[in-house]
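K.L.:
Whatever this is, show me its structure:
(3 chains)
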Amino acid sequence: MTTTIIKDFCKGCGFCIANCPKKVYDLSNEMNKKGYRLPRPVRIEDCTECGLCDMYCPDFAILLEKTKKKEKSKEKEGR
Amino acid sequence: MSSGVKPGRYFVQGDEAIAEGALAAGCRFFAGYPITPSSETSEAMARRLPEVGGVCLQMEDELASIHCIGAAAVAGMKAMTISSGPGISLKLEGLGWGIKNEIPYVVVDVQRAGPSNGVATRVAQGDLYTVRYGSAGGNASLIALSPKSTQEAFDLTIECFNLAEIFRCPVFLLTDETVGHTRELLVIPEESELKIVKRFKPTVPPEKFSMYPLETPEVIRHPFPSIGEGYGICVSPYTHNSKGYASTAQDVQEKMAKRLVYKVTAHLDMLTRVENQMMADAEYAVVAYGGDARPALAAVEMARAQGLKVGFFRPVIVWPFPDGEVLKVAEKVKKILVCELNIDGQLVREVERASKGKAEVYHFGSGGVEPHLPSQIFNELRRLFK
Amino acid sequence: MSTVGDTLNLIHPLVAKYLRRERMPHMACPGCGIGQVVHATLMAVDELGLTPQDTVWVQGVGCSSRITYSTWVGDNVDAHHGRMFAVATGLKMSRPDMNFICFTGDGDCGAIGGNHFIHACRRNLDVTAILFNNGIYGMTGGQVAPTSPLGAVTTTTPYGNIEDPFDMCKMAVAAGASYVARWRSTDFRQIANSVKKGVQTKGLAFIEVLLQCPTNFGRYVLKTSNPQEVVKWIKQQTVSIKDAEKLSPEEKKGKILYGEFLHQTDRPGIVERYQQLLKQHQKE
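P.N.:
Okay, here's the model as predicted:
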């Protein structure tokens, strides 16, 4: 899974950090133009692609690109 | 779309003539709330609109009606509502939405004795300033027409709808209980004789279209796209830019205010309609409008029969006020008697202002309930103009 | 590689499809629940296949409306405070073929707009209304709302609110709406499903969402501006309809129920009845 934080949409509310079941996100030291401290996905390898961060974000600032499910379905076909 | 009205001669009340005029103009949406002395129009619309495929709703209150018709106009309909003094007061904020977003629709005020609930079933003329200045915030130039008879109630209602489309704004038909409830002849002409202005639609694609032409404040016949036409329209109560996006910028507020005022004031030639009778050699003039007009005209005829050189002047389009025409009268005559059915003086103030001191202006006011009798006006004339 | 990226080249798929790029990010405060509900609404719009050509967003005045107005890429009709339902009536009766998703707030719907709300439900007007209930007047700076809890300290109830809050879902049911539900802002899937059900149900769909206002409700009433804390507090006040069945009256006291209260598909509304009236009486 790739997740990208859209810098200038983020308002630093912290929902993604607080609600990711796998604690993928953490607060970074980077600030956007408005002075909000941005989150950063730091444990992406633990991501289960639940999509909660995307839905929790009130500002459409999280872009997800699912990769694992495609691989999983390929595995199923292989059996 | 056919007019929905049948040509012919009818014996109806002014209120019913308003309904027929609206239908003839292409009105296919009406929302109102019963209030004397306007309910006859609402009842007529309730019978007639479904016959022509239109929508007629009795809403839960006055405010719902004006917001509802504004929305219907945004959805592409020619729409109308009607009320009397207390209801017009309630509608004023909603009127602001129509003004701000340049929405064409018609509001009819059948004036009655006031203030407050007053005498529900009896005439007065207390709303001249309400319709022009009542909606808070200023920065607009309202248009209002006032009929003196059942026939004019029909004709001017059509004119109101036409002006609403041309100037893309709410237009008032300012009438009163006397005209509304007088039953007399109405002649509905052949459809080919009706002059109806259709809604102007954009001829350029959305990215090139300016929903609110703030950069060209004086332009009229500006298109008004509806919902569902692919223009992604934005309608809002807030000050907004040409696209409709809310703005707090000073220059946007300035441009918007100028747009809403200048689009009317730059075209006063199209918005001047008055009636002059026996003015050619007049030394005195009587001014009246609406339900007080014909008594005043009768009084002038009585005066003429006695050898007094009196003329009669009536504004038909009352807002914008016909300053130029009143000045012409003031420059001609020595004294002007303004008759109206209020004590505080509204029409008289406008006549005084527009006269620029060229003639003496006198007020013959009354609290209402009855229009003036011709003899009352004639006696006042004799007293003043010795 | 997981990154933090510049806005210019990146866009959320729902924003790309349904929102005006130049209006983003929308004007909600950090952590405000409105964005989450808009997100869930767009999920519903997408799953239903609604388009900017056939769907209009309607709103009133308040945070509910300022944030949703001119955000949708199609037509946006923003009414005066409290008049959203009256405007929705005019729009729907003129264009019964179009879909209307209407946003309103606790003051817009429950205070100044109460009368229009009641009659829209009574008429079972065929639109989908989403109530953003944050328990306070956010846009104007934190005054008490008809939905503020008893005892809430706000800018106009500095000694604590002495009025009981208004249960607008109960009012919607009583007045005649066809679909009535209440969720919390973090019930994303349920909100999306409710919006879908609402659009597909003939008649008035009324979906109330209890959502966090960290800026005003949080600071004044809960003494915290942490959005997480406000969400947590909301969850503590609520119990699902299902779970409530197992609770005693004492346990249920003071709790706000959430879930689907009503879904009726056979109650006709003013839109279809008016079409029938025209069939009978239209002469041309």
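
K.L.:
Please, where are all the strands along the stretch 101-250 of chain B?
P.N.:
Using DSSP state E, counting those that start in this stretch, the strands of the stretch 101-250 of chain B run over B:105-111, B:143-145, B:170-176, B:183-188, B:234-235.

K.L.:
JSON lines for those strands, including mean pLDDT, distance to C:G105 and mean neighbour count?
P.N.:
Glycine gets a C-beta too; all of them are placed from N, C-alpha and C. Converted to JSON lines, those look like this (pLDDT from 0 to 100; distance: least, C-beta to C-beta, whole Å; neighbours: other C-beta atoms under 10 Å in any protein chain shown):
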{"stretch": "strand B:105-111", "mean pLDDT": "98", "distance to C:G105": "27", "mean neighbour count": "29"}
{"stretch": "strand B:143-145", "mean pLDDT": "98", "distance to C:G105": "35", "mean neighbour count": "23"}
{"stretch": "strand B:170-176", "mean pLDDT": "98", "distance to C:G105": "27", "mean neighbour count": "29"}
{"stretch": "strand B:183-188", "mean pLDDT": "98", "distance to C:G105": "48", "mean neighbour count": "16"}
{"stretch": "strand B:234-235", "mean pLDDT": "98", "distance to C:G105": "19", "mean neighbour count": "26"}
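
K.L.:
mind checking which of those strands is nearest chain C?
P.N.:
Evaluated over these, closeness to chain C peaks at strand B:234-235, with 4.6 Å, by C-beta to the nearest C-beta.

K.L.:
State the next helix or strand along the chain beyond the closest one.
P.N.:
helix B:250-265 (DSSP states H and E).

K.L.:
Show me the contact partners of that following helix.
P.N.:
Contact with helix B:250-265 is made by B:99-100, B:102, B:138-143, B:167-169, B:212-215, B:217-220, B:239-241, B:247, B:271, B:320, as judged by C-beta atoms under 8 Å, 6 or more residues apart in numbering or on different chains.

K.L.:
run the last query once more with 7 Å
P.N.:
B:99, B:139-141, B:143, B:167, B:212-214, B:217-220, B:239, B:241, B:271, B:320 (C-beta atoms under 7 Å, 6 or more residues apart in numbering or on different chains).

K.L.:
Of those residues, which count as buried by neighbour count?
P.N.:
Buried members of those, scored by 16 or more other C-beta atoms under 10 Å in any protein chain shown, are B:99, B:139-141, B:143, B:167, B:212-214, B:217, B:220, B:239, B:241, B:271, B:320.

K.L.:
from those residues, which is closest to chain A?
P.N.:
B:N241 (21.8 Å).

K.L.:
my guess is that closest one meets B:A249, correct?
P.N.:
No: counting by C-beta atoms under 7 Å, B:N241 stays clear of B:A249, with 8.0 Å between them.

K.L.:
Out of the buried ones among the contacts of helix B:250-265, which sit inside helices?
P.N.:
Among the buried ones among the contacts of helix B:250-265, the residues falling in helices (DSSP state H) are B:99, B:167.

K.L.:
Do I have it right that A:Y36 meets A:G12?
P.N.:
Yes: judged on C-beta under 7 Å, A:Y36 makes contact with A:G12 at a distance of 3.3 Å.

K.L.:
hey, what's in contact with both of those two?
P.N.:
Contacts common to A:Y36 and A:G12, judged by C-beta under 7 Å, 6+ apart, are C:P30.

K.L.:
give the contact list for residue 42.
P.N.:
Answering for chain A, as no chain was given. Neighbouring residues of A:V42 by C-beta under 7 Å, 6+ apart: A:25-26.

K.L.:
That was the other one, I meant chain C.
P.N.:
With C-beta under 7 Å, 6+ apart, C:L42 has these contacts: C:14, C:18.

K.L.:
Now do the SS call for it.
P.N.:
helix (DSSP: H, G, I helix; E, B strand; the rest coil).

K.L.:
The residue lying closest to C:E272 once chain neighbours are set aside: which element?
P.N.:
Counting by C-beta to C-beta, 6 or more residues apart in numbering or on different chains, C:E272 lies nearest to C:K202, which is 7.0 Å off, once chain neighbours are set aside. Using DSSP H and E, C:K202 sits in no helix or strand.

K.L.:
Show me what from the stretch 1-150 of chain C comes close to chain A.
P.N.:
C:2-7, C:10, C:12, C:14-15, C:24-25, C:28, C:30-36, C:39 (C-beta under 7 Å from any C-beta of the partner chain).

K.L.:
Which among these count as buried?
P.N.:
Among the residues of the stretch 1-150 of chain C next to chain A, the ones that count as buried (16+ other C-beta under 10 Å) are C:2, C:4, C:7, C:10, C:12, C:14-15, C:24-25, C:28, C:30-36, C:39.

K.L.:
how deep is the closest residue in space to B:V52 that isn't next to it in sequence tucked in, by neighbour count?
P.N.:
Counting by C-beta to C-beta, 6+ apart, B:V52 lies nearest to B:G4, which is 3.7 Å off, once chain neighbours are set aside. By other C-beta atoms under 10 Å in any protein chain shown, 22 other residues sit near B:G4.

K.L.:
How about B:E152?
P.N.:
Counted with other C-beta under 10 Å, B:E152 comes out at 24.

K.L.:
With the one 10 residues further on instead?
P.N.:
When neighbours are counted by other C-beta under 10 Å, B:N162 registers 18.

K.L.:
now do B:I166
P.N.:
With other C-beta under 10 Å as criterion, B:I166 counts 20.

K.L.:
residues from chain A in reach of chain B?
P.N.:
Counting by C-beta under 7 Å from any C-beta, no residue of chain A sits close to chain B.

K.L.:
just chain C next, same as before
P.N.:
C:52-53, C:56, C:61, C:69-70, C:73-80, C:83, C:86-87, C:89-91, C:93-95, C:98, C:115-116, C:119, C:274, C:277-278, C:281-284.

K.L.:
hmm, try it at 6 Å
P.N.:
When proximity is defined by C-beta under 6 Å from any C-beta of the partner chain, chain C lies next to chain B at C:56, C:69-70, C:74-78, C:80, C:83, C:86-87, C:89-91, C:93-95, C:98, C:115-116, C:119, C:277-278, C:281-283.

K.L.:
Of all the residues in the stretch 51-200 of chain C, which one is nearest chain B?
P.N.:
For the stretch 51-200 of chain C, C-beta to the nearest C-beta, closest residue to chain B: C:G90, 2.9 Å.

K.L.:
Leaving out the residues flanking it, which one is nearest to that residue?
P.N.:
B:A71 (2.9 Å).

K.L.:
Was I right to think that neighbour contacts C:L91?
P.N.:
Yes: between B:A71 and C:L91 there is a contact under C-beta atoms under 6 Å: 4.7 Å.

K.L.:
Where does pLDDT dip in the chain?
P.N.:
As the question left the chain open, I've gone with chain A. By pLDDT under 70, the low-scoring segments of chain A are A:68-79.

K.L.:
other chain: chain C
P.N.:
C:1-3, C:6-8.

K.L.:
Tell me which stretches of it form strands.
P.N.:
Remark: strands assigned in chain C by DSSP state E are C:3-5, C:55-59, C:75-78, C:99-105, C:128-133, C:179-184, C:205-210, C:238-240, C:256-263.

K.L.:
Out of these, which gets nearest to B:P206?
P.N.:
Closest to B:P206 of the strands of chain C, according to C-beta to C-beta: strand C:75-78, at 11.0 Å.
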